[in-house]
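K.L.:
using only what follows, build the 3D model:
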Amino acid sequence: MEIKNVTVYGAGTMGHGIAEVCALAGYNVTLVDIKDEILQKAIEKISWSLKKLEKKGQIKSSEEVLARIKTTTDAEEAAKTADYIIEAVVEKFDVKTDLFKRIDAVAKPECIIATNTSTLPISKLAAATNRPDKFIGLHFFNPPTLIRFVEIIRGNKTSDETVKVTKNFAKSIGMDYVEVKKDVPGFLVNRINLRVWIEGARLAEEGVDIEAIDACARYRLGMPMGLFEVMDFSGIDVIYYAGKAMKEMGFEFVESKLIEEKFKAGKLGMKTGEGFYKYPKPGAYFRPKIRKSKAYAVNPVKLMSPAINEAAWLIRNGVASKEDVEKAMKLGMNYSVGILEMADNFGIDRVVEALKARKEERGYDEYNPDPLLLEMVEKNELGKKTGKGFFTWKYEKEEFGRVIYEKRHDIAWIILNRPDKLNALDTNLWTGIYKAIDKAEKDTDVKAIILTGSGRAFSAGDDIAEMFSWKGMADARDFFEKIALPTVEKIIYSEKPIIAAVNGLAFGGGMELCLLCDIVVASEDARFAVPEARIGALPPIAASLGVAVFGKKMVEAVLTGEEIEAEEAKEIGIVNAVVSSDQLEDVAREYAEKMRNPAPRSVAAIKKIIGEIYNAYSQAFKVAMREILIATQFEDFKEGMGAFLKKKRPEWRGR
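P.N.:
Sure thing, here's the model as predicted:
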């Protein structure tokens, strides 16, 4: 079938955008609406848009493209010459079906009729015509001139030939597409969107700050706009009516009281000057200020689990493939990461746990985990942390003594695994850390390293029992020069970024490891300290490099040995972010993922420069190493170590 003439019904925002992209592709376009004034405004907007493209050199002549568009208020006449019809009138069933009856009666038998509806059933709309086999959903996204993506939706009787022609037509006008194989309420994108918006609104109803929810969406989930920003931009009335329509068609969800309140108050968003945010004036485009600092107040797993659950439903029911689900959310909603990859990042088990927790809290059936998710958990297909989830990922696991090394696609996780001793750093752990970092450095897939501890501690410091067992200076020298120092230098001079995820205590050598890492993320209950002076020793890294970088606060820490809470550690600069314990791994991973953006050579060069900065304090570090070796020979060291092991206060000589 050859398409030359396209007729677009509806000259509103979407309709005139569709007409423009069709004309840009070389088609003869007839744009139809009920009033000449509406058509005139549409042509003015199209002309303005085309002139911008001409000015940028993207088209040769705006006038040439505009000449391919004619307008009319005669719906029937416009249908007679059409090879392909696209309907984009108001989202009301009766209005649409009345139009379809009229144009079906006069259109050529081979003409395909496509509807741009975002919510109404394709099959019910098709029933208004005598050509249900040549009737199809072609859902554009606003604005069509920028979002070059469509959903192609089959009705119950849509023919394979109609789908094929529509796919080719979509390609011809520069649109990528997904095929929605079953006519379900909301199709693909809007089913997932509504779950996200409703969950965001529910969290707000429960007292979570709207700005924090939007900050999480924008800065952590990679969405171009926050959830409430999008609703304000689209129109809260649009979201409200879409939800109502989808519910009437069988989409199961409990409506948001907050969205309903805004709708009834006439606070519809940008177009009325106020919605979830306030705007300078009605209709003015304005991006509300959303502070990045609020992003960690919301758990993204909790926010996105209902949408992931919906995506699982779509896949299990054969509505769309997992590849198309990813493409739709990336191209249609401009997500930087597909929703299924999000799930694989979070862990499918955590998604299921979040859904069950919400079911317990709210009692809504929509929170019941989809059977596909439950099956994945049963099969241990949990995402990147097992190598398989919705997709297959590079995965490798190896143990270096008590250190676990996991390659989760392009991030290396190094886990100190001596929880019964609070991950105290003995020879085994120091050596294991060295080997694990060395393995990560040699793997070209690995872009960043995350160092964390199992159990309730990152690391409580060096193993006092092992140090107390040293027979003399030779044992101490061997430990520091052959075991600890090579690992310290391995961390300092690694060309790959290292992120510490501090899940509890980070004392002594544990805190010193954090000082060496590039980024430190701490849970709210994390605590830091370098208490070595209290047991007759000294912290060589904190007393040299730490003092040089962090100043008087570190002097205070090494002289007093007092604990530093997570928030204070952040104020000092030891910690980059403090988050709830259930988000620790997520935030550490997010930092690691950010390391993918810069050029690898640039990252390596920056790391080399940082290493040289540390090297500038090497003389102080050498003095510190010499002093701790000497300290091991004094009675204070023996008294302090012994007292620590006996859990009593040391008795220093000379007091």
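
K.L.:
can you give me the pLDDT of the closest residue to Val180 other than its chain neighbours?
P.N.:
Of all residues beyond its chain neighbours, the one nearest Val180 is Ile153 (4.3 Å), with distances taken as C-beta to C-beta, 6 or more residues apart in numbering. For the C-beta atoms, the positions are set from N, CA and C on the backbone; glycine is no exception. Here the pLDDT value assigned to Ile153 is 98.

K.L.:
what sits against Ile153?
P.N.:
Applying C-beta atoms under 8 Å, 6 or more residues apart in numbering to Ile153 gives the contacts Ile122, Ile136, Gly137, Leu138, His139, Glu179, Val180, Asp183, Phe187.

K.L.:
which members of the residues you listed occur in helices, if any?
P.N.:
Of the positions in the contacts of Ile153, Ile122 sit in helices, assigned by DSSP state H.

K.L.:
quick one: which of the contacts of Ile153 sit in strands?
P.N.:
Ile136, Gly137, Leu138, His139, Glu179, Val180 (DSSP state E).

K.L.:
would you mind giving the contacts of Ile153 as CSV with pLDDT added?
P.N.:
As requested, those are exported to CSV (pLDDT from 0 to 100):
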residue, pLDDT
Ile122, 97
Ile136, 98
Gly137, 98
Leu138, 98
His139, 97
Glu179, 97
Val180, 97
Asp183, 95
Phe187, 96
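
K.L.:
which of the contacts of Ile153 lies closest to Asp36?
P.N.:
Set against Asp36, the nearest of these by C-beta to C-beta is Leu138 (26.3 Å).

K.L.:
quick one: residues contacting that closest one.
P.N.:
Contact analysis of Leu138 by C-beta under 8 Å, 6+ apart lists Ile86, Ala114, Thr115, Asn116, Val150, Glu151, Ile152, Ile153, Thr166, Ala170.

K.L.:
how confident was the prediction at the fifth one?
P.N.:
Listed pLDDT for Val150 reads 98.

K.L.:
is it true that it touches Ala170?
P.N.:
Yes. With contact defined as C-beta atoms under 8 Å, Val150 counts as touching Ala170 (5.4 Å).

K.L.:
common neighbours of these two, please.
P.N.:
Leu138, Asp176, Tyr177.

K.L.:
closest to Phe458 out of those?
P.N.:
Asp176 (45.0 Å).

K.L.:
surely that closest one and Arg148 touch.
P.N.:
Yes. Checked against C-beta under 8 Å, the pair Asp176 and Arg148 is within contact range at 6.2 Å.

K.L.:
who touches both of these two?
P.N.:
Counting by C-beta under 8 Å, 6+ apart, the residues touching both Asp176 and Arg148 are Leu331.

K.L.:
does Arg649 count as helix, strand or coil?
P.N.:
At Arg649 the chain is in coil, as set by DSSP: H, G, I helix; E, B strand; the rest coil.

K.L.:
ok, the spatially closest residue to it that is not a sequence neighbour - contacts?
P.N.:
Closest residue in space to Arg649, ignoring its immediate chain neighbours: Ala643 at 6.4 Å, by C-beta to C-beta, 6+ apart. Counting by C-beta under 8 Å, 6+ apart, Ala643 touches Ile535, Arg649, Pro650, Glu651.

K.L.:
buried subset of those residues?
P.N.:
Neighbour-count burial (16 or more other C-beta atoms under 10 Å) applied to the contacts of Ala643 gives Ile535, Pro650.

K.L.:
let me know the closest of the contacts of Ala643 to Ala245.
P.N.:
Nearest member of the contacts of Ala643 to Ala245, counting by C-beta to C-beta, is Ile535, at 69.4 Å.

K.L.:
how near is that closest one to Pro486?
P.N.:
Using C-beta to C-beta, to the nearest Å, one obtains 24 Å as the distance from Ile535 to Pro486.

K.L.:
brilliant, that's me finished.
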